[in-house]
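K.L.:
Structure for this input, please:
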Amino acid sequence: MMAQSRYPEADEQGIVLLDKASEPSRETLKHLIIGSPKAVKSTINSLQVLGYAQVSDWSQLIPTANPGEVMSILSRNIMVQ
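P.N.:
Numbers count the residues shown, from 1 in each chain. Down below sits the predicted model:
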């Protein structure tokens with residue numbers, strides 16, 4: 001069995017040759033927070049403090065069918081391999 005290199009192969013000019021199978025692609029990931037307005041706002045603020053997403057990245061609070069419950073949605077494009 002041949003050992004795989006940690007480094008990508010390069011051609012004679014030093015141009016890196018990418019393996020299409022290992023090339024990352026982009027996908028949309030959606031986060032949904034559901035709870036009381038206070039809990040949803042608190043979670044959104046906590047995620048901002050952690051540096052994950054800005055408060056303005058989230059949707060406005062959207063009422064659900066349950067009284068006193070709201071939801072907010074965040075869509076992000078992420079790289080997946």
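
K.L.:
Tell me who's in contact with residue 70.
P.N.:
Residue 70 makes contact with 34-37, 40, 61-64 under the criterion C-beta atoms under 8 Å, 6 or more residues apart in numbering. For glycine as for every other residue, the C-beta is placed from the backbone atoms N, C-alpha and C.

K.L.:
The residue nearest to it when sequence neighbours are not counted: neighbour count?
P.N.:
Across the structure, with C-beta to C-beta, 6 or more residues apart in numbering as the measure, the residue nearest residue 70 apart from its sequence neighbours is residue 61 (4.2 Å). Burial of residue 61, expressed as a neighbour count using other C-beta atoms under 10 Å, amounts to 15.

K.L.:
In helices, which of the contacts of residue 70 fall?
P.N.:
Where the contacts of residue 70 overlap with helices, as defined by DSSP state H, the overlap consists of 37, 40.

K.L.:
Counting neighbours, which of the contacts of residue 70 comes out on top?
P.N.:
Neighbours here are counted as other C-beta under 10 Å. On that basis the top member of the contacts of residue 70 is residue 40, with 19 neighbours.

K.L.:
Looking at the contacts of residue 70, which is nearest residue 73?
P.N.:
Using C-beta to C-beta, residue 62 comes nearest to residue 73 of those, at 7.6 Å.

K.L.:
So in terms of bridging, what pairs with that closest one?
P.N.:
residue 71 (DSSP bridges).
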